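Q: Let me see the structure of the following:
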Amino acid sequence: VIGKQMAADLTFDPATAFAELHVLVFGSVYNHLVSFAETSDGYDYTTLVPELATSWASNDTATSWTFTLDSSASFHDGAAVTSEDVRWSFQRFINKQGPPSYQAGNIASIDTPDAQTVVFNLTNPDAEFAELTTSNNLVVMNSALVIANGGTDAEDADVTDTAEQWLTENSAGSGPFRMDVSDPGTRLELVRVDDYWGGPPAIMERVIFVDIPEASSRVAALAQGDIDLVWTVPPHHALGLSDDDYTVLQADTNHWYYIAFTANPENNSFIANPKVQQALKLAIDYEGLQNLCPGFPSLRAYGLAPVRLGGIDAGIEQDVARAEELLAEAGFPDGYTGEDTIKFQTFHWTGFCPNFGDVVQKVALDWMAIGVNTEVQIQDAGVFFTNFRAADIDIVVSDWFPEYPSAINSAAVAFPGGLLTGRAGWDDNSDGWPGYDEMAALAADLTASVDQAERLALLNQIETLGLESSPIHLLVEVPEWYPHVSDLTGVFYHAIY
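A: Prediction:
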């Protein structure tokens with residue numbers, strides 16, 4: 001039994017789910033084409049192994065990828081997994097136009113020359129496309145079953161597909177578990193598939209998730225024996241647990257916090273100024289941010305990807321004097337004296353340390369020191385993300401996980417044309433913005449390259465340019481903590497599922 005905050009876990013449709021619990025559900029109920037290798041103490045994120053596909057290869061330019069399916073793979077109802085199921089699942093994912101659909105935005109077409117072969121034709125080269133297919137949302141569904149319950153892969157699936165509710169309460173997969181009970185936001189139960197095609201049945205017969213909104217209440221439930229594992233809590237909440245009876249897994253997650261500044265002057269003309277944004281970056285006390293979780297410091301994130309994955313390992317440090325000079329150069333020698341409120345927003349969420357509200361309050365104080373006052377707003381997650389996805393922001397703090405452990409995948413959402421830069425309004429307001437065209441050109445070169453060393457070198461150049469130019473600015477990388485009863489063994493963190 002696992003206790004977690006489930007308020008945002010309201011859908012388990014692979015084409016629309018984009019909250020938190022779905023990552024574990026999709027990795028358990030469904031299969032992907034490939035996965036990362038298991039090791040004795042976790043996972044090897046440099047080695048791909050077969051899942052539904054027995055082999056895979058690209059052409060020389062990485063614009064076409066061919067996967068050969070395992071002929072023994074079957075769905076829970078006994079139907080064979082075919083290339084048409086793969087094509088249909090990906091095409092529905094694209095045409096539903098849900099929040100995660102950008103992940104497949106590079107797929108131009110999908111061919112199925114026979115029942116065991118699927119070919120992905122890409123708009124642009126992607127040397128990491130096989131790794132991308134491990135992304136939790138990119139699962140293969142039983143197309144006939146989903147169609148029978150309202151699903152469609154048609155171009156207008158965003159308005160004609162009606163399968164989301166059914167997929168939230170049922171599963172159409174081939175994985176080692178299936179859904180048994182689903183009460184979105186409250187309770188979810190997965191039950192073992194005893195005749196799983198992919199190997200021996202799972203050790204656990206049933207996995208139950210229950211909604212416990214507050215971190216302290218989750219730890220109390222663990223101590224009382226009501227649950228066996230807590231899905232993320234600030235680490236100091238677990239300090240009272242006995243070392244003999246409980247274990248706390250610390251997971252390095254590639255989970256980073258960032259600031260997004262609007263680049264749209266219609267939102268806020270003061271903030272949509274490159275020099276003002278650079279000044280605000282220089283005013284931040286990064287060492288103080290790293291130590292907002294007492295006794296459990298966060299890792300510094302400098303560029304657009306965690307250092308351990310290959311991101312740059314040096315960047316902006318606090319320089320208040322230079323920040324004030326830049327504000328003066330931008331025409332604001334006395335700081336911000338305008339009448340319009342600067343909205344500095346984030347959302348309420350428990351389980352991470354530091355929490356988003358603490359980060360925003362700390363940064364707001366840093367900016368007050370250079371004469372920039374903001375109105376801190378800690379919103380409901382639903383309200384926050386509705387506004388952010390519509391690019392209706394002044395400044396926000398949020399977080400990101402890469403689809404799979406890769407510096408390039410981590411950073412791509414912040415490239416020109418990326419998901420986060422779009423939410424910041426940068427692409428629509430890039431004319432004359434210093435560094436935008438250079439970053440876009442480097443990103444195009446990176447995309448075209450199939451040489452990994454060259455790709456990482458180009459990434460690091462983009463990151464360095466972005467320190468001054470980008471409205472997306474990384475702050476810290478945050479570990480996560482999972483307390484559990486010690487007789488629950490074999491507990492490892494998976495960076496995707």
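Q: Next, work out how far apart the nearest residue to G490 once chain neighbours are set aside and T489 are.
A: Beyond its immediate neighbours in the sequence, the residue positioned closest to G490 (CB to CB, 6 or more residues apart in numbering) is I203, lying 7.7 Å away. For the C-beta atoms, the positions are set from N, CA and C on the backbone; glycine is no exception. Per CB to CB, to the nearest Å, I203 is found 10 Å from T489.
Q: Repeat that for N291.
A: N291 sits 33 Å away from T489, going by CB to CB.
Q: Those two: who's more crowded?
A: Between N291 and T489, counting by other CB atoms under 10 Å, N291 is the more crowded of the two (16 against 9).
Q: What does the more buried one show for phi and psi?
A: Per-residue torsions, N291: phi -110, psi 20 (degrees, to the nearest 10).
Q: That one contacts R300, doesn't it?
A: No: the criterion here is CB atoms under 8 Å, and N291 misses it with R300 at 10.9 Å.
Q: Let me know the pLDDT of the residue nearest to G490.
A: On pLDDT, I203 comes in at 93.
Q: Now do it against R192, distance only.
A: Distance from I203 to R192, counting by CB to CB: 8 Å.
Q: Those two - which one has more neighbours?
A: A direct count of neighbours by other CB under 10 Å for I203 and R192 places R192 higher, at 17 against 9.
Q: Which strand residues bridge that one?
A: Assessed by DSSP bridges, R192 has beta-bridge partners F177.
Q: That one: what's it in contact with?
A: Taking CB atoms under 8 Å, 6 or more residues apart in numbering as the contact definition, R192 lies against 176-177, 201-202, 204-206.
Q: cool, A148 as well?
A: No contacts exist for A148 under CB under 8 Å, 6+ apart.
Q: same deal with S101?
A: Contacts for S101 were tallied using CB under 8 Å, 6+ apart; they are 15, 93-94.
Q: So it: helix, strand or coil?
A: helix (DSSP: H, G, I helix; E, B strand; the rest coil).
Q: Quick check: which helices or strands does the helix or strand that N95 is a member of pack against?
A: Here N95, judged by DSSP states H and E, is contained in helix 83-96. Packing contacts for helix 83-96, counted by 3 or more CB pairs under 8 Å, 6 or more residues apart in numbering; DSSP states H and E, involve strand 64-69, strand 107-114, strand 117-122, helix 143-148, helix 157-160.
Q: Give the rounded mean pLDDT of that helix.
A: On average, helix 83-96 scores 98.
Q: Check stretch 369-384 too.
A: For stretch 369-384, mean pLDDT is 95.
Q: Give me the contact list for that stretch.
A: Against stretch 369-384 from outside (CB under 8 Å, 6+ apart): 7-8, 279-280, 283, 320, 323-324, 327, 332, 334-336, 341-349, 356-357, 360-361, 364, 367, 387, 394-396, 398.
Q: Give me the buried stretch members for that stretch, please.
A: Within stretch 369-384, the residues that qualify as buried are 370-372, 374, 376-379, 381, 384, counting by 16 or more other CB atoms under 10 Å.
Q: Pick the one among those closest to D427.
A: Closest to D427 out of those is F384 (21.5 Å), distances taken as CB to CB.
Q: which helix in the chain runs the most residues?
A: Secondary structure of the chain per DSSP state H: the longest helix is helix 452-469.
Q: CA atoms of it as CSV?
A: Taking C-alpha atoms only, helix 452-469 is exported to CSV below (Å, rounded to 0.1, in the frame of the first residue of the first chain):
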residue,chain,number,x,y,z
GLN,A,452,26.9,12.1,-29.5
ALA,A,453,30.0,14.0,-28.6
GLU,A,454,29.2,16.7,-31.1
ARG,A,455,25.6,16.8,-29.9
LEU,A,456,26.7,17.4,-26.2
ALA,A,457,29.2,20.0,-27.3
LEU,A,458,26.5,21.9,-29.1
LEU,A,459,24.2,21.5,-26.2
ASN,A,460,26.7,23.1,-23.9
GLN,A,461,27.1,26.0,-26.3
ILE,A,462,23.3,26.5,-26.2
GLU,A,463,23.3,26.3,-22.4
THR,A,464,26.0,29.0,-22.2
LEU,A,465,24.2,31.3,-24.5
GLY,A,466,21.0,30.7,-22.6
LEU,A,467,22.5,31.9,-19.3
GLU,A,468,22.1,35.5,-20.6
SER,A,469,19.4,35.1,-23.3
